[in-house]
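Peer 1: What would the 3D arrangement of this be:
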Amino acid sequence: ILLNIYYHLHLLIVICIENHVTLSGSVHILHAVSMSLVNKPWGKIRINYKIGAQYSPITSPFFLVSLAACGGGGGGGGGELSTGSTTVSGSAIAGPINGAIAFIDLDNDGTLDLTANGDASDEPYTYTDSNGFYSLETTNTTAPIVVTTDSATAGNLDVSAVDTSADTLLTGITLKAPRGAEVVSPLTTVAYDLIENSGFSEAEVATALGLESVSILSFNPYEAGVDADDALATEKVASQLMTTVKAIAAAASGTGADEDAAASKGFEALSATLDSKVRSNDVFDLKNPTDLAVVKTNANSKLNGLSGIDNTAFGAILDTAMNSVKLVNEAIFDITDTDLSSNATKGTFATAELLKEQIQNAAAAEKASTGAGAANITLTNATSVTNAATAAASNNAPTDINLSSQTFDENTSNLTLSISTIDDSSTNFSYGI
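Peer 2: Have a look, this model is predicted:
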């Protein structure tokens, strides 16, 4: 059950409810509750009720309701496991991605393949948990790991993922890593083709990203006990990559292209730029205008002719967007606090999502009327980026939520569940479903 409500504080609320489901017609929903509540000055209230069940051919709507937002729950298709199956586990990190779908891409087509009956021909999948963790069983020893926040890529399963580094929704993004990787991240995604197809070593790619001291295929900056300086450096580069990809995808999707397809092409543009840096023993600087100009050229090439795209409007808005990408990436680079969970750091990371929304609106306006788009992008100088980050960091979440009811009937025709909360100004608000 998904409810989006807009109001003047623009809260983003994700409520994840673990539960048990009985087939006799009653769904008991308040077995245990965990929540992530974040105010964003540009967001919306999003309430996800997760009805958690292992993968099953049962088609009751309550087994199909938003198995998302907190991961866990849903479980990998694939029927009975064959003798000799192995566990493949790791973490989806962009910071930790909660509620994405991780799967073994057996045919390497980038899409989760499911059959109608959930039999052994399905590709194993699961939902990531609040730490981005996934665990899968497979007999295959070579197929890559894919993590997606896009429903179409996930075999049309429900997905509602959260980037917990910024406490923002994460949509239209698919990440990839070679088998054996312990993390799936923006870093592993741009490195994948270079390692698997171009023959570069992991160390060569990491050096070109300015991360020579870490293993980009295994290092999790959010894991307890890791070196704090390495963690900050790694997450900053990953966040800069995500900022850039989101901007490219937004410029394309705003004109009519599919967001996930555009983001995948955006990663290809970054990989092409990184390839040249590895070959020249140079470092890819995601805040450098020259490097970003190469990314823009590669993006125009990779996305040219993408289904639904308006190439003219896309190109025009991408010119403006890349300047804003530079500014946001500079703000990310300037982070010095090694506490990745601090409000200030999260606020800075969250500006990428605001920029994405502005670029999408700009691209749509540009498509409708030539020259009308650029004015929609307001993150045009360092001060505007700082102000946006500060606003996100200081806009605290509600401190308490209570549900008026613990159960509702599966087949009810009049479903009402009210929620009351107290916000950071101690003002009462009520929301109803």
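
Peer 1: Three-state assignment for F103, please.
Peer 2: Recorded secondary structure, F103: strand (DSSP: H, G, I helix; E, B strand; the rest coil).

Peer 1: Can you give me the separation between the residue nearest to it when sequence neighbours are not counted and N281?
Peer 2: Computed as C-beta to C-beta, 6 or more residues apart in numbering, the closest residue to F103 that is not its neighbour in sequence is Y125, at 3.7 Å. C-beta coordinates here come from the backbone N, C-alpha and C atoms, glycine included. Y125 sits at a distance of 39 Å from N281 (criterion: C-beta to C-beta, to the nearest Å).

Peer 1: if you count what's nearby, which of these two comes out ahead?
Peer 2: Y125 (26 against 9; other C-beta atoms under 10 Å).

Peer 1: From what I see, the more buried one and L106 are in contact.
Peer 2: No. Assessed by C-beta atoms under 8 Å, Y125 is found out of contact with L106, at 10.9 Å.

Peer 1: Now do the contacts for T345.
Peer 2: Residues near T345 by C-beta atoms under 8 Å, 6 or more residues apart in numbering: 165, 335, 337, 339.

Peer 1: Report the buried residues of stretch 131-146.
Peer 2: Within stretch 131-146, the residues that qualify as buried by neighbour count (16 or more other C-beta atoms under 10 Å) are 131-134, 136-138, 143-146.

Peer 1: I377 is in contact with S324, correct?
Peer 2: Yes. Shown here, S324 and I377 form a contact pair, counting by C-beta under 8 Å, at 5.7 Å.

Peer 1: where are the low-confidence patches of the chain?
Peer 2: Under the criterion of pLDDT under 70, the regions of the chain flagged as low confidence span 1-83, 116-121, 396-433.

Peer 1: what's the distance between the residue nearest to G210 when sequence neighbours are not counted and V190?
Peer 2: With C-beta to C-beta, 6+ apart as the criterion, G210 has its nearest non-adjacent residue at 4.9 Å, and that residue is V283. Relative to V190, V283 is positioned 14 Å away (criterion: C-beta to C-beta).

Peer 1: Would you mind telling me which of the two has more residues around it?
Peer 2: The residue with more neighbours, out of V283 and V190 and counting by other C-beta under 10 Å, is V190; that gives 31 against 15.

Peer 1: Tell me which helix or strand the more buried one sits in.
Peer 2: Using DSSP states H and E, V190 sits within helix 186-196.

Peer 1: tell me which residues in that helix are buried?
Peer 2: By neighbour count on 16+ other C-beta under 10 Å, the buried set for helix 186-196 is 186-195.

Peer 1: Just put these in CSV and tack on distance to T86.
Peer 2: Supplementary listing: those in CSV, determined by distance: C-beta to C-beta, whole Å:
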residue, distance to T86
P186, 26
L187, 24
T188, 20
T189, 23
V190, 27
A191, 23
Y192, 21
D193, 25
L194, 26
I195, 21
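
Peer 1: Pull the most distant pair out of these.
Peer 2: Largest separation among the buried residues of helix 186-196 by C-beta to C-beta: P186 and I195, giving 14.6 Å.

Peer 1: N288 versus the most centrally placed residue in the chain, what's the distance?
Peer 2: Relative to the mean C-alpha position of the chain, the nearest C-alpha, by C-alpha atoms, centre = their mean, is the one of L170, at 3.4 Å. Distance, L170 to N288, using C-beta to C-beta: 26 Å.

Peer 1: which stretches of this protein form helices?
Peer 2: Per DSSP state H, the chain has helices spanning 186-196, 202-208, 228-253, 259-279, 289-303, 311-333, 343-368, 382-394. These are given in chain order.

Peer 1: Most tightly packed of those helices?
Peer 2: Scoring the helices of the chain by mean neighbour count under mean count of other C-beta atoms under 10 Å gives helix 228-253 as the most buried, with a mean of 25.

Peer 1: about what we covered before: the helix holding V190 packs against which elements?
Peer 2: Where contact means 3 or more C-beta pairs under 8 Å, 6 or more residues apart in numbering; DSSP states H and E, helix 186-196 is packed against strand 174-177, helix 202-208, helix 228-253, helix 259-279.

Peer 1: can we see that at 10 Å?
Peer 2: Helices and strands in packing contact with helix 186-196 are listed as strand 145-148, strand 174-177, helix 202-208, helix 228-253, helix 259-279; criterion 3 or more C-beta pairs under 10 Å, 6 or more residues apart in numbering; DSSP states H and E.
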